[in-house]
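In: 3D, please:
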Amino acid sequence: MKKILIIEDEKVLAEMYKEKLEMEGFEVCLAFDVKEGIELVKRERPDLILLDILLPVENGVSFLKRQKEDKDISEIPVIAFSNYDDPRVKKEAIELGVKEYLIKTNYTPTEITEKIKKYLK
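Out: Prediction:
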């Protein structure tokens, strides 16, 4: 069973995605900020990370920088999903290795699930 880590500070949204992905047969862990996300990715070793960009204290770009610096977790694919549509932030996230930068409002949970499946084949 493939494991996905969702790093999303909006708990209702995180739970909704968790439920949707579990219905699709994934194991799902949730983190609500960058610090918790880094701890969980090291402990759980997910197959993919679904990362919000706007997070409390540190943002998703900070997570990507920290992930890239740690060779044990740097190869885990990340899909950024956010309502923050800033071209500079998107460019930086892509330079830091995100597979895709999705704007939440442009995708249904089903479409995001399909994107995830594409990277877990």
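In: quick one, strands of the chain?
Out: 3-7, 27-31, 48-51, 78-82, 100-103 (DSSP state E).
In: helices and strands of the protein: which one bottoms out on pLDDT?
Out: helix 109-119 (a mean of 94; mean pLDDT, DSSP states H and E).
In: can you list the strands of the chain in TSV and add mean neighbour count, distance to residue 60 and mean pLDDT?
Out: Backbone N, C-alpha and C define where each C-beta goes, glycine included. Converted to TSV, the strands of the chain look like this (neighbours: other CB atoms under 10 Å; distance: least, CB to CB, whole Å; pLDDT from 0 to 100):
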stretch	mean neighbour count	distance to residue 60	mean pLDDT
strand 3-7	23	7	98
strand 27-31	19	11	98
strand 48-51	25	5	98
strand 78-82	24	6	96
strand 100-103	17	10	96
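In: any chance of the ones you listed in CSV, plus distance to residue 114?
Out: Listed next are the strands of the chain as CSV, based on distance: least, CB to CB, whole Å:
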stretch, distance to residue 114
strand 3-7, 13
strand 27-31, 16
strand 48-51, 13
strand 78-82, 11
strand 100-103, 11
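In: in the least confident helix or strand of the chain, what counts as buried?
Out: 109, 112-113, 115-116 (16 or more other CB atoms under 10 Å).
In: which outside residues touch the longest helix along the chain?
Out: Counting by DSSP state H, the longest helix found in the chain is helix 11-23. Contact with helix 11-23 is made by 4, 6, 8, 28, 30, 32, 50, 104, 109-110, 112-113, 116, as judged by CB atoms under 8 Å, 6 or more residues apart in numbering.
In: farthest pair in these?
Out: Spanning the widest gap among the contacts of helix 11-23 are 32 and 110, at 23.6 Å by CB to CB.
In: so how far is residue 65 from the closest residue to residue 59 other than its chain neighbours?
Out: Excluding its sequence neighbours, the residue lying closest to residue 59 (CB to CB, 6 or more residues apart in numbering) is residue 53, at 5.9 Å. Distance, residue 53 to residue 65, using CB to CB, to the nearest Å: 13 Å.
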